[in-house]
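A.B. asks: Give me the fold of what follows.
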Amino acid sequence: MIFINPKTDFAFKKIFGSEQSKDILISFLNALLYNEQNYIEDLEIINPYLAPRIRGIKDTYLDVKARLSDSTTVIIEMQVLNVESFEKRILYNATKSYSIQLQVGESYSLLNPVIALTITDFVMFPELDKITSRFILKEKEYLIDYLNNDIELVFVELPKFTKNPEQLQTLSDKWLYFLKFARQLQDVPENMEDVPEIRRAFEVANHANLNPDELEDIEKREMFIQDVKGAMSKAKKEGTARGIQQGIQQGIEQGIEQGIEQGIEQGMEQGIEQGMEQKAIEIARQLIGILDDSAISQTTGLSLEKVKELKSNQ
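C.D. replies: Residues are numbered from 1 along each chain as shown. The predicted structure follows:
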């Protein structure tokens, strides 16, 4: 069997965000958010588009959005590319999901909790040695919880998960292994077959159960992700080399050893930034007409104003 990559946005939504995938999403959230307790008995998968209440406020597109039976909203994003200001986008989406619950004149007491679950294919918190991190509001000095902790940010960093099939013991282990390695597998690992929801997830991810249009869409998205990663890597290398050269020249002109060291460091930083920005602009130009302005901005890290400027110059 060949399985699609759950880490691409289309595949992730297909597996976890379809109405027929409710049981899969319940198992997944119970494992990652509620320490594998059967806390969630039912949920409603709802439209992941967050429409702004105020004209001019930024539109938001999520991968999966669900409302639990206790009225908690869970928004889920699978992020492969570490784009600029991604951490701000997560906080923006969470607070926006919280604020749009109320209509004009409604009481604040009607607000229900929001959990933003973000799975990343890159390391966000290198200083932490755990896979899952949870953030809530606390008093800065005494670390006391805020009186109403209605917003929680949960991050799962896939690169930190390193277990092999023989080491999978918990339900969380098995779901993380599915996310990280399903694309590389040819059959369902034996010690994962005992979980009906994971078996169902593999069935949904099986190439044989997708139509040609879906397969083509997934292939294009994977190719795009690889192109962006390659462009970013190349930009970083080219920018570093150019920055070193500029830095050395600057240091020589200053005529002192300290100037050389500072010039190299500053030149590397400037070169990397300039190189990555230029590559981001090239990628954005290629995406005009394929994705909307907001999606291009989120993918490349360019501001929405910059994307609109490039679009007007096409």
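
A.B. asks: looking at this structure, which helix or strand is least sure?
C.D. replies: strand 60-61 (a mean of 50; mean pLDDT, DSSP states H and E).

A.B. asks: Next secondary structure after it?
C.D. replies: strand 64-68 (DSSP states H and E).

A.B. asks: who does that next one pair up with?
C.D. replies: Next to strand 64-68 in the sheet, as set by DSSP bridges, lie strand 43-46 (antiparallel), strand 73-79 (antiparallel).

A.B. asks: Could you save the ones you listed as JSON lines and add columns showing mean pLDDT and mean neighbour count?
C.D. replies: For glycine as for every other residue, the C-beta is placed from the backbone atoms N, C-alpha and C. Formatted as JSON lines, these follow (pLDDT from 0 to 100; neighbours: other CB atoms under 10 Å):
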{"stretch": "strand 43-46", "mean pLDDT": "91", "mean neighbour count": "15"}
{"stretch": "strand 73-79", "mean pLDDT": "94", "mean neighbour count": "22"}
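
A.B. asks: As TSV, those with distance to residue 279 would be great.
C.D. replies: What follows is the strands paired with strand 64-68, written out as TSV (distance: least, CB to CB, whole Å):
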stretch	distance to residue 279
strand 43-46	36
strand 73-79	19
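
A.B. asks: which one of the ones you listed lies closest to residue 181?
C.D. replies: strand 73-79 (14.6 Å; CB to CB).

A.B. asks: Show the average pLDDT along the helix or strand following the closest one.
C.D. replies: Once the chain leaves strand 73-79, the next helix or strand it forms, by DSSP H and E, is helix 86-99. For helix 86-99, mean pLDDT is 92.

A.B. asks: Now do helix 86-99 against strand 73-79, angle only.
C.D. replies: Put simply, helix 86-99 runs at 160 degrees to strand 73-79, going by axes from the mean of the first three to the mean of the last three CA atoms, to 10 degrees.

A.B. asks: Just name whatever secondary elements helix 86-99 is in contact with.
C.D. replies: Helices and strands touching helix 86-99, by 3 or more CB pairs under 8 Å, 6 or more residues apart in numbering; DSSP states H and E, are strand 49-50, strand 60-61, strand 73-79, strand 114-120, strand 151-157.

A.B. asks: Can I get these in CSV including distance to residue 144?
C.D. replies: Output for the helices and strands packed on helix 86-99, formatted as CSV (distance: least, CB to CB, whole Å):
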stretch, distance to residue 144
strand 49-50, 31
strand 60-61, 31
strand 73-79, 25
strand 114-120, 21
strand 151-157, 16
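
A.B. asks: Which of these sits closest to residue 203?
C.D. replies: Between the helices and strands packed on helix 86-99, strand 73-79 lies closest to residue 203; by CB to CB that is 19.3 Å.

A.B. asks: so how far is the closest one from its chain's centroid?
C.D. replies: Centroid displacement of strand 73-79 relative to its chain, using CA atoms, centre = their mean, to the nearest Å, is 8 Å.

A.B. asks: Ok, which of the helices and strands packed on helix 86-99 comes nearest residue 310?
C.D. replies: It's strand 60-61; of the helices and strands packed on helix 86-99, that one is closest to residue 310 (CB to CB) at 20.2 Å.

A.B. asks: where do the helices sit along the stretch 151-300 of the chain?
C.D. replies: Assigned by DSSP state H, counting those that start in this stretch, the stretch 151-300 of the chain shows helices spanning 171-181, 196-205, 212-254, 257-287, 293-300.

A.B. asks: quick one: which of the ones you listed has the weakest pLDDT on average?
C.D. replies: Looking at the helices of the stretch 151-300 of the chain, the bottom one is helix 257-287 with a mean of 63.

A.B. asks: so who does residue 227 touch?
C.D. replies: residue 283 (CB atoms under 8 Å, 6 or more residues apart in numbering).

A.B. asks: what about the residue nearest to residue 176 when sequence neighbours are not counted, how many neighbours?
C.D. replies: The shortest distance from residue 176 to any non-neighbouring residue, by CB to CB, 6 or more residues apart in numbering, is to residue 161 (4.7 Å). When neighbours are counted by other CB atoms under 10 Å, residue 161 registers 16.

A.B. asks: was I right about residue 161 contacting residue 123?
C.D. replies: No: using CB atoms under 8 Å as the test, residue 161 is too far from residue 123 to be in contact (11.2 Å).

A.B. asks: Need the residue closest to the centroid of the chain.
C.D. replies: Closest residue to the average C-alpha location of the chain: residue 79 at 2.2 Å, with CA atoms, centre = their mean.
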